[in-house]
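> sequence-free structure coming up:
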């Protein structure tokens, strides 16, 4: 356990929207016995900014006399990129044990975004301005294909920033980074937990095996109609593929993650067999 005077060890789960991130956070929280912390955010400079409170005098004093022992493990969840501001905020309280990020093919992600905005009347990264959803007027009057195209223009740069910034930050600071495909989070939970547990630093590993008798963890599930990539018009799909290829395709740092992210934007979609997790900094 870290010194009561020092920053507390934390597992970071920064997540693009609509990648089963709440389910992943719940899985890891249950298995590692790590409470989920979600700090307040504001929006600025085109992305979400964390607001992490500093340790107050009373809290520091209680930790110093060991009156209040913090949890051995914490899990810090949210849709935050590794910007200079956010990294500085996180260092106020935490030392990073590892970063675990869920990912999903971009076509399915955007289809899920359409469903999200229709169901909740706001987007996951939206400021919730009156009369607008993600800055789009009359959003609910637009076709699914038009929404796919518009949300692609708005969200793909933010998703690229989130993914790319954590690759750079973890490489610079020599922190373990694991990308977890959507399919493992929703369909192979026990195997995924065992895999992640084996990759985590020793002080974060759980001695327990995933309980195969438990029901699958599902968070924020909807029972309404799902939108699929086949529902999207060819022109809009082709346009979003061009945007995604320009953003992600020229980035050599994405490595094996790239074909997975772009796989369902092709027409027809390309099969891409993903591992349970990509260990991105294992060779560094």
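Cool, the structure landed. On a predicted model such as this, the values are computed, not experimentally measured, just so you know.
> pull out the buried positions in the helix or strand where residue 153 lies.
If you go by DSSP states H and E, residue 153 is part of helix 144-173. By neighbour count on 16 or more other Cβ atoms under 10 Å, the buried set for helix 144-173 is 144-152, 154-156, 158-167, 169-170. For the C-beta atoms, the positions are set from N, CA and C on the backbone; glycine is no exception.
> continuing past that helix, what's the next helix or strand?
Counting by DSSP H and E, the next helix or strand C-terminal to helix 144-173 is strand 177-181.
> distance of residue 192 from residue 27?
Applying Cβ to Cβ, to the nearest Å, the value for residue 192 to residue 27 is 7 Å.
> shared neighbours of these two, which are they?
residue 185 (Cβ atoms under 8 Å, 6 or more residues apart in numbering).
> tell me what the top strand by length along the chain is packed against?
Longest strand in the chain by number of residues (criterion: DSSP state E): strand 94-103. Secondary-structure packing of strand 94-103 (3 or more Cβ pairs under 8 Å, 6 or more residues apart in numbering; DSSP states H and E): strand 8-14, helix 21-32, helix 144-173, strand 177-181, helix 182-187, helix 257-262.
> in TSV: these, plus distance to residue 97.
Listed next are the helices and strands packed on strand 94-103 as TSV, based on distance: least, Cβ to Cβ, whole Å:
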stretch	distance to residue 97
strand 8-14	5
helix 21-32	10
helix 144-173	11
strand 177-181	11
helix 182-187	20
helix 257-262	21
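> wait, which of those is closest to residue 83?
Minimum separation from residue 83 across the helices and strands packed on strand 94-103 (Cβ to Cβ) falls at helix 144-173, 6.5 Å.
> just give me how far the closest one sits from the chain centre.
For helix 144-173, the separation from the chain centroid amounts to 11 Å (computed by Cα atoms, centre = their mean, to the nearest Å).
> quick check: which ranges of the chain have low pLDDT?
Low-confidence regions of the chain, defined by pLDDT under 70, span residues 1-6, 43-47, 55-71, 121-123, 125-136, 211-224, 269, 283-284.
> ok, 50 please
Along the chain, the model assigns pLDDT under 50 to residues 1-5, 67-68, 213, 284.
> the helices in the stretch 1-150 of the chain, which residues?
When secondary structure is read from DSSP state H, counting those that start in this stretch, the stretch 1-150 of the chain shows helices at 21-32, 57-64, 84-90, 106-120, 144-173.
> what helices or strands is the fourth one leaning on?
Here helix 106-120 is seen to pack against helix 144-173, helix 234-248 when contacts are counted using 3+ Cβ pairs under 8 Å, 6+ apart.
> mind redoing it with 10 Å?
Where contact means 3 or more Cβ pairs under 10 Å, 6 or more residues apart in numbering; DSSP states H and E, helix 106-120 is packed against helix 144-173, helix 182-187, helix 234-248, helix 257-262.
> and these as TSV, adding distance to residue 104?
Converted to TSV, those look like this (distance: least, Cβ to Cβ, whole Å):
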stretch	distance to residue 104
helix 144-173	10
helix 182-187	4
helix 234-248	13
helix 257-262	8
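> which one of the ones you listed lies nearest to residue 206?
Between the helices and strands packed on helix 106-120, helix 182-187 lies closest to residue 206; by Cβ to Cβ that is 17.5 Å.
> quick one: the closest residue to residue 146 other than its chain neighbours and residue 267, what's the gap?
What sits nearest to residue 146 in space, not counting adjacent residues and going by Cβ to Cβ, 6 or more residues apart in numbering, is residue 236, at 6.9 Å. Distance, residue 236 to residue 267, by Cβ to Cβ: 11 Å.
> comparing the two, which shows the higher neighbour count?
Neighbour count, other Cβ atoms under 10 Å: between residue 236 and residue 267, residue 236 has more, with 19 against 14.
> was I right about that one contacting residue 142?
No: contact criterion Cβ atoms under 10 Å: residue 236 and residue 142 do not qualify, at 11.0 Å.
> overlap in contacts of these two?
148-150 (Cβ atoms under 10 Å, 6 or more residues apart in numbering).
> turn those residues into CSV, columns for distance to residue 246.
CSV is the format used below for the shared contacts of residue 236 and residue 142 (distance: Cβ to Cβ, whole Å):
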residue, distance to residue 246
148, 17
149, 15
150, 17
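> among those residues, which one sits closest to residue 277?
residue 148 (28.3 Å).
> contacting residues for the closest one?
Contacts of residue 148 (Cβ under 10 Å, 6+ apart): 107, 110-111, 113-114, 142, 227, 229, 231-233, 236-237, 239-240.
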